[in-house]
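*Asks:* Provided below are the primary sequence and the corresponding predicted coordinates.
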Amino acid sequence: MFRRFLDGYADGDGCRIARWPARMLVSANIAFLTDLAEIIGARFTPDAKRSASHLVVSDRWAARGTFRAEAHRVELDEGGWAEVGAVGARPASTKPYTVYGYRLGPHPHFLVSGHVVWGGA
């Protein structure tokens with residue numbers, strides 16, 4: 001889930017780096033980038049000259065052993081059911097993006113924009 005979070009963040013506020021296997025995340029939220037750098041074991045220095053800073057995230061961040069997965073309850077007290085009426089194609093964009101297929105078993109749920117989506121019957 002965390003790997004997909006990084007992918008989604010890079011799609012929205014960052015990009016892949018062509019010269020080596022990494023992505024760059026851009027944010028004006030220095031506290032967020034500082035915490036994220038600590039979690040993935042990266043070095044981070046805020047850019048004092050600009051309004052936004054960037055954090056380079058190597059594709060090998062997980063091998064550093066600094067990330068500790070946590071288990072969280074996915075049944076939200078304030079949650080509710082909503083029926084999907086239609087699914088359509090995403091319009092083409094000038095910025096590349098990645099579409100992931102989900103293997104839903106044995107955990108038939110994932111997040112879309114912070115909302116739990118159940119894919120099981």
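*Replies:* Now that the structure is in, tell me what you want to look at.
*Asks:* pretty sure D35 belongs to a strand, no?
*Replies:* No. Using DSSP: H, G, I helix; E, B strand; the rest coil, the assignment for D35 is helix, not a strand.
*Asks:* burial measure for it, as a count.
*Replies:* Neighbour count of D35, defined by other C-beta atoms under 10 Å: 12. (C-beta placed from N, C-alpha, C; glycine too.)
*Asks:* pLDDT weak spots in this protein?
*Replies:* Where the chain drops to pLDDT under 70, the residues are 74-80, 97-121.
*Asks:* Can you list the residue ranges for helices in it?
*Replies:* Along the chain, counting by DSSP state H, helices occupy 2-13, 30-40.
*Asks:* okay, the ones you listed in CSV with distance to A92 next?
*Replies:* CSV is the format used below for the helices of the chain (distance: least, C-beta to C-beta, whole Å):
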stretch, distance to A92
helix 2-13, 15
helix 30-40, 30
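*Asks:* how about the ones you listed, which one is nearest V84?
*Replies:* Using C-beta to C-beta as the measure, helix 2-13 is the one of the helices of the chain that comes nearest V84, at 20.0 Å.
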